[in-house]
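In: Would you be able to build a 3D model of this:
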Amino acid sequence: MIIRPITDRDLETLFQIATESGPGFTSLTPDRDVLSRKIAHSMDSFERLVIKPGDEHYLFVLEDEATGEIMGTTGIEANAGHTRPLYHFRRNTVTRHSRHLDLRRSVETLTRCSHYTGYSEICSLYLRPEFRRPHAGKLLSRVRFLFMALHPERFSDNVIAEMRGVSDASGQSPFWNWLKAHFVDMDFDRATHLVGTGYTDFIDELMPSHPLYTCLMSQEARAVLGQVHNLTRPALRILETEGFEHKGLIDLFDAGPTVECTLANIHSVRSSSACTVTVNETVTADDGAPARARACFRSNEPMLITNTGTADFRATITPEASAPSVSSNPAGNQAPGTLVIPRTLAAKLRLGNGSLARILPLNQSAPAQTRHTVKELNYAH
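Out: Numbers count the residues shown, from 1 in each chain. The predicted structure follows:
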């Protein structure tokens, strides 16, 4: 499995993924023209010389090396809200109190806001069902954090992820059904399709800007506030182990939660480190490093490895490497250690002797008490 930037030749597969993922996956809509522009924008973003985040969008694909098939996608929006408003509902509690009558009542409200404008957003994560295998979901999720750590000038100090909210197999959202009945006479799939194509004017024109009292909503709509789709739960757990938290902001359309974390505090960023590459065709698990350095090396443990490129970025998870313990070489605190990899792996990752790489041993990528196997992954708006 190799992660690489998306290219023009991936259009048809991307269209299949956008179709498979269904309503609510607004960052990938099944429209070839829209997807073609998204690919072109991503390719241009990887090629740009960037000193601060702008309208860049980075879309990666996971490729099966043996067949060349695309297993899934994952992406990063550098500057959310840069080209069009990014709206959410903020959950608040309002308390009314009459001292003279000694009466008090607290009610919950939803207020439309654009709090996350300027944040970087991880998005477009989808692992196709037929390609769900060990480490595939971890690679799609965590590779973004290493790419951001490698190129911090391209991203905000704060990162969000919009989690897909509750909808049924036919694409019906209980929350949207209530909004549709009272404010926007439009089906859920049409609304999410419009957002996916970049048209958001109807939000300002039709959706309420004043606070909504949740006590006036249907029971079905209230029940899904801040809840995630069943297939999204594993992805949410991964982000929670990375340090992401939900702080009360939910999606306008399906009421799914948005989670956030500072880039510097993401667990995979803190647990990864830089290494200098040594290419060796004779490396084995028992003799992965010179004797003088062997004491600080790990062998035969799966690790996520990336090069440091942008347009030529490559990443994979492999046990075929020996690298210094991250705890003995924390990122940014010491000179890079040595990563010893076989020549075939070096070629796949476009690494050579003396190249810089970034590594994340998977046994350090999440707290031990919360590690789990990911069987289902699809969540990004």
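In: contacting residues for the residue nearest to residue 222 when sequence neighbours are not counted?
Out: Spatial nearest neighbour of residue 222, excluding adjacent residues (C-beta to C-beta, 6 or more residues apart in numbering): residue 214 at 5.6 Å. For every residue, glycine as well, the C-beta is placed using N, CA and C. If you count contacts by C-beta atoms under 8 Å, 6 or more residues apart in numbering, residue 214 has them with 91, 107-110, 222, 225.
In: Closest to residue 207 out of those?
Out: Compare each of the contacts of residue 214 with residue 207 using C-beta to C-beta and the shortest gap goes to residue 110, at 10.9 Å.
In: Show me what the helix or strand hosting residue 316 is packed against.
Out: Residue 316 is part of strand 315-318 when elements are defined by DSSP states H and E. Strand 315-318 sits against strand 2-5, helix 136-150, strand 303-307, helix 343-348, with contacts defined as 3 or more C-beta pairs under 8 Å, 6 or more residues apart in numbering; DSSP states H and E.
In: Quick one: mean pLDDT over that strand.
Out: For strand 315-318, the mean per-residue pLDDT is 93.
In: what about it, distance to the chain center?
Out: Taking the mean C-alpha point of strand 315-318 and that of its whole chain, the gap between them comes to 17 Å (C-alpha atoms, centre = their mean, to the nearest Å).
In: Report the backbone C-alpha coordinates of it in PDB.
Out: Listed in PDB are the C-alpha atoms of strand 315-318, where the atom choice follows Å, rounded to 0.1, in the frame of the first residue of the first chain:
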ATOM      1  CA  ALA A 315       4.000   7.100   2.400                       C
ATOM      2  CA  THR A 316       3.400   3.500   3.600                       C
ATOM      3  CA  ILE A 317       3.200   1.200   6.600                       C
ATOM      4  CA  THR A 318       5.800  -1.500   6.700                       C
END
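In: Give me the contacts around it.
Out: Contacts with strand 315-318, where a contact means C-beta under 8 Å, 6+ apart, come from 1-3, 135, 138-139, 143, 146-147, 302-307, 341, 345, 348-349, 362.
In: ok, and the spatially closest residue to residue 218 that is not a sequence neighbour, which helix or strand is that part of?
Out: Here the nearest residue to residue 218 in space, its sequence neighbours aside, is residue 178; by C-beta to C-beta, 6+ apart that works out to 5.1 Å. Here residue 178, judged by DSSP H and E, is contained in helix 174-182.
In: Likewise for residue 167?
Out: With elements delineated by DSSP H and E, residue 167 resides in a region that no helix or strand encompasses.
In: so where do the helices sit in this protein?
Out: Listed in chain order, the helices of the chain (DSSP state H) span residues 11-21, 32-47, 136-150, 174-182, 188-196, 201-206, 219-223, 233-242, 267-271, 343-348.
In: Pick the most deeply packed of these.
Out: Using mean count of other C-beta atoms under 10 Å, the stretch among the helices of the chain with the largest mean neighbour count is helix 136-150, at a mean of 24.
In: send the alpha carbons of that one over as PDB?
Out: What follows is helix 136-150, C-alpha atoms only, in PDB (Å, rounded to 0.1, in the frame of the first residue of the first chain):
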ATOM      1  CA  ALA A 136      -5.100   0.600   5.700                       C
ATOM      2  CA  GLY A 137      -7.400   2.800   7.800                       C
ATOM      3  CA  LYS A 138      -4.600   3.800  10.000                       C
ATOM      4  CA  LEU A 139      -2.500   4.800   7.000                       C
ATOM      5  CA  LEU A 140      -5.300   6.900   5.500                       C
ATOM      6  CA  SER A 141      -6.000   8.700   8.800                       C
ATOM      7  CA  ARG A 142      -2.600   9.300  10.200                       C
ATOM      8  CA  VAL A 143      -0.600  10.100   7.100                       C
ATOM      9  CA  ARG A 144      -2.300  13.500   7.000                       C
ATOM     10  CA  PHE A 145      -0.800  14.400  10.400                       C
ATOM     11  CA  LEU A 146       2.700  13.600   9.300                       C
ATOM     12  CA  PHE A 147       2.300  15.600   6.100                       C
ATOM     13  CA  MET A 148       1.100  18.500   8.100                       C
ATOM     14  CA  ALA A 149       4.000  18.100  10.600                       C
ATOM     15  CA  LEU A 150       6.400  18.100   7.600                       C
END
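In: if we can go back for a sec, switch the contacts of residue 214 over to a markdown table; also include distance to residue 258.
Out: As requested, the contacts of residue 214 are exported to a markdown table (distance: C-beta to C-beta, whole Å):
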| residue | distance to residue 258 |
| --- | --- |
| 91 | 11 |
| 107 | 22 |
| 108 | 17 |
| 109 | 17 |
| 110 | 13 |
| 222 | 18 |
| 225 | 13 |
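In: if I look at the residue nearest to residue 218, how far off is residue 210?
Out: When C-beta to C-beta, to the nearest Å is the yardstick, residue 178 and residue 210 sit 16 Å from each other.
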